[in-house]
Structure formats: structure tokens, C-alpha cells
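# Provide a 3D model corresponding to the input given below.
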Amino acid sequence: MKFFAVIGRVVLSALAAIGRIAIFGGQTIGHLARPPFYAREFATQLLNIGWLSLPVVGLTAVFTGGALALQIYAGGSRFNAEAVVPQIVAVGMVRELGPVLVGLMIAARVTSSIAAEIATMKVTEQIDALVTLSTHPMKYLTVPRVLAAVLVVPLLVAVGDIIGIFGGFAVATGTLGFNAATYINNTVNFLEPLDVISSLTKGAVFGFCAALMGCYHGMNSGRGAMGVGRATKGAVEGAAVLILAANFVLTGVFFTL
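Sure thing, here's the model as predicted:
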């Protein structure tokens, strides 16, 4: 019975954590529609989450697109299907790899930064100072970050998709002997509007998950340097798991139901 008791405690603890995160997310959405709104903090987060994430997103996408083209060509050559490289690279980047990789990069770069920043503010009692100044911490810290991520990450996904396709194009035309005009025509003709819509929708959801987990773990961090470290680690782990789970659900909604 002790074994089952341990399993029960783990399950109950996980369900309680999911409930706390869901309540925190609901409160964040509720505050989006109520003033005040801190425009300067929102603009700062647009810059931090969007513009400053472009280098890592671009490098990740271009190398992934190039590697995908090589892999598809090598696999397709076993079945005399090398010509499908443009189509598979485009679909793979836009539907799956582009949104997921951008989401994970945002989790690694932005979620960790948000969690560490807010956790440090809690440790140094800056959040208590906000309350003393009649400033709601969630309105000032959580809402601008979550809203900025929801708006900016789809744009990063779009840029990542384009750069990833370009990476596959560069490898295919420069190394594998594909004709540039034919490659571009096959890419454009094969993609459908639903592919692009699903990619941008995933970006918005992934941005929400990444920013929400950073804010949640930062707000609920323990005291001291160890508390900040645990909050940062938990935020990145939680964001990565949520992004992958949301990707599975959204893929099922868009392409199988």
C-alpha cells in the first residue's frame, strides 16, 4: 500500500500544480481586459522577446532547414524520390519544426530570463514594494510579458519558417543540384493557407505558454539564490513540456479532426 500511496501523492501533487497554473493563467487573461495598462513595460518586452530573439531564431532555423534538406534527400534517394525535397522541407518547417523550435528557443531564452528576473525581484522584496505603491504585480509584471509574447512569437515563427525554408533552398541548390526556380515553385505551390495559419496559431499559443510559465515560477519562487535557481529551472522545464503538449493537441486539431 505504501507504493500506491506514493503514486497517489505524486498524482495529487501534479494535479494541484496544474490547477495552480490554470488559475494563474485565468487571472492573467482576466487582467488583460482591465486597466491600468503599462505601455512602456509592454514596449520593453516587445523588444526583449521579439527583436533580441531574432539572432538565435534565425540561426536555429537556417541550420535546421539545411539539415532537413540533406536528410530528406538521403532518405528519398533510397526510393528514387529525391524530387520531394522542396515540398517536404516546406511542410516540415511550416507545420512542425518552425513553430516547435522557435517555441523551445523562446523557452530557453525568454522563459528563463523572465523567471530569473521576477524571482530576483521577489527575493529582494521589489514585488512587495510594488504592492506598497498600489501597483498590482500581475498587472505590471505578468500582463505585459504574456501579451508581448503572444503577439511577437507568431512573427518570430513566420521569420523562422522563411529562414528555415531558405536554409533548405540554399543546401538543395548549392549542394544537391536542384534548380532554383523549380525549387521555389514547388515550395510555393505545395504550401496551403491552413499550413501557415496553423504555424502562426502555434506561435501564439507557445508564446503564451512560455511567458506564463516564466511569470508563474518567478512569482512563486523560494527565497535566496537557491529559490531563484529552482524557479528558473522549473520555468524552462514547464514551458518546454507545455509547448510540446500544446503542439500535439494543435496538430491533432488542425490536421486530423
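# every contact and neighbour count from this point should use C-alpha atoms.
Noted.
# distance of Pro137 relative to Tyr183?
Between Pro137 and Tyr183 the computed distance is 51 Å (CA to CA, to the nearest Å).
# residue nearest the centroid of the chain?
Relative to the mean C-alpha position of the chain, the nearest C-alpha, by CA atoms, centre = their mean, is the one of Gly103, at 2.2 Å.
# quick one: residues contacting that residue.
Neighbouring residues of Gly103 by CA atoms under 8 Å, 6 or more residues apart in numbering: Val153, Gly203, Phe206, Gly207, Ala210, Ala240, Ile243.
# surely the last one meets Leu104?
Which is Ile243. Yes: in this structure, Ile243 is within contact of Leu104 by CA atoms under 8 Å, at 7.4 Å.
# who has more neighbours out of those two?
Here Ile243 and Leu104 are compared on neighbour count by other CA atoms under 10 Å; more neighbours surround Ile243, at 26 against 22.
# which strand or helix spans the more buried one?
With elements delineated by DSSP states H and E, Ile243 resides in helix 224-255, which encompasses its position.
# now that helix: average pLDDT?
Taken as a whole, helix 224-255 has a mean pLDDT of 90.
# what helices and strands are in contact with it?
Helix 224-255 makes packing contacts with helix 98-106, helix 112-123, helix 193-219 when contacts are defined by 3 or more CA pairs under 8 Å, 6 or more residues apart in numbering; DSSP states H and E.
# as CSV, those helices with distance to Leu47 and mean pLDDT would be great.
Converted to CSV, the helices and strands packed on helix 224-255 look like this (distance: least, CA to CA, whole Å; pLDDT from 0 to 100):
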stretch, distance to Leu47, mean pLDDT
helix 98-106, 13, 93
helix 112-123, 14, 90
helix 193-219, 14, 92
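# closest one to Val159 among the ones you listed?
Among the helices and strands packed on helix 224-255, the nearest to Val159 by CA to CA is helix 98-106 (8.9 Å).
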